[in-house]
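Participant: Quick check, what structure comes out for this input:
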Amino acid sequence: MVAARRGGKRVGYIRVSTIDQNEVRQLEGFDLDKRFTDKASGKDTKRPQLQAALDYLRDGDVLLVHSMDRLARNLDDLRKIVLGLTDHGVSVEFVKEKLSFTTEESAISKLLLSLMGAFAEFERSLIKERQREGIALAKKAGVYKGRKPALTRERARELARRARTGEKRSALAREFGISRETLYQYLRTST
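Facilitator: Next up, the predicted model:
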C-alpha cells in the first residue's frame with residue numbers, strides 16, 4: 001500500500017534516447033522536488049530510473065513527464081503505468097500534450113485511457129500481422145530458418161538421458177538455462 005505524503009511532491013521523469021541528447025529541455029522551468037533521468041532507447045525495457053521513480057512516488061505526489069513517448073514504450077505500457085499510478089493516488093501530467101490524469105476519475109480521463117487501451121490492442125495486432133507476413137515472405141524466399149535451438153544436439157541428448165534417470169526437471173531446466181516448457185519440448189522430441 002502506498003503511504004500518503006503531506007503536501008505531495010512534484011517529481012519529474014526524463015528519458016533521453018542517446019547520450020548526446022540534452023535532458024535539460026524536457027522539464028526546463030518546472031519546480032521539481034526530485035528528478036529521475038534515464039538515458040535509454042524507448043524500446044529498452046531496462047529503465048532503472050523509471051523504476052526508481054515509481055518506487056519513490058507516494059499518494060498525493062505528481063509525476064511530471066515531458067511527453068507520453070518519454071514515459072512508455074508503447075500505448076499498452078503507457079496505460080498500465082498511468083493506471084497504476086492513479087490507482088495509488090499519484091497524478092500524472094504530460095507537459096507537451098497538456099494532459100493530466102488524476103485520482104479523481106473524470107469522464108474524459110476514462111475515455112482517454114479506454115481509447116489508449118483500444119489503440120494499444122490495435123497496435124499489438126498490427127505488429128503480429130506484420131510479423132506473420134514477414135515470416136511468410138522469408139519462408140517463401142527460403143531465408144527463414146526459424147528460431148535457433150536453445151541446446152545443441154549433444155546437450156539435448158544429455159538432457160534427455162538425465163531426465164530419464166530421474167533427475168528433477170526443474171533443476172535440469174535451471175542448469176541448462178531453459179524454461180521448463182522448453183525442457184518438456186526437448187523431452188517430447190527425444191522419444
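Participant: packing partners for the helix or strand bottoming out on mean pLDDT in the chain?
Facilitator: Across the helices and strands of the chain, mean confidence by mean pLDDT, DSSP states H and E is lowest for helix 107-140: a mean of 81. Packed against helix 107-140, as judged by 3 or more C-beta pairs under 8 Å, 6 or more residues apart in numbering; DSSP states H and E, are the following elements: helix 75-87, strand 99-101. Any C-beta I mention is one placed from the backbone N, CA and C, and that applies to glycine too.
Participant: Can I get these in a markdown table including mean pLDDT and distance to I14?
Facilitator: A markdown table is the format used below for these (pLDDT from 0 to 100; distance: least, C-beta to C-beta, whole Å):
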| stretch | mean pLDDT | distance to I14 |
| --- | --- | --- |
| helix 75-87 | 87 | 15 |
| strand 99-101 | 87 | 17 |
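Participant: what about those, which gets the closest to R147?
Facilitator: helix 75-87 (24.0 Å; C-beta to C-beta).
Participant: And stretch 83-100, what's buried?
Facilitator: L85, T86, H88, G89, V90, S91, V92, E93, F94, V95, L99 (16 or more other C-beta atoms under 10 Å).
Participant: which residues touch whichever helix or strand L187 is part of?
Facilitator: If you go by DSSP states H and E, L187 is part of helix 180-190. With contact meaning C-beta atoms under 8 Å, 6 or more residues apart in numbering, helix 180-190 is reached by 150-151, 156-157, 159-160, 163, 169-170, 172-173, 176, 178.
Participant: Just among those, which is most surrounded?
Facilitator: For the contacts of helix 180-190, neighbours were counted using other C-beta atoms under 10 Å, and L159 has the most, 24 neighbours in all.
Participant: Rounded mean pLDDT for the helix holding L187, please.
Facilitator: Taken as a whole, helix 180-190 has a mean pLDDT of 88.
Participant: Show me what counts as buried in it.
Facilitator: Under 16+ other C-beta under 10 Å, the buried positions of helix 180-190 are T182, L183, Y186, L187.
Participant: mind putting those in TSV, distance to A40 included?
Facilitator: What follows is the buried residues of helix 180-190, written out as TSV (distance: C-beta to C-beta, whole Å):
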residue	distance to A40
T182	29
L183	33
Y186	35
L187	39
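Participant: If anything else comes up later, I'll come back, but that's it for now.
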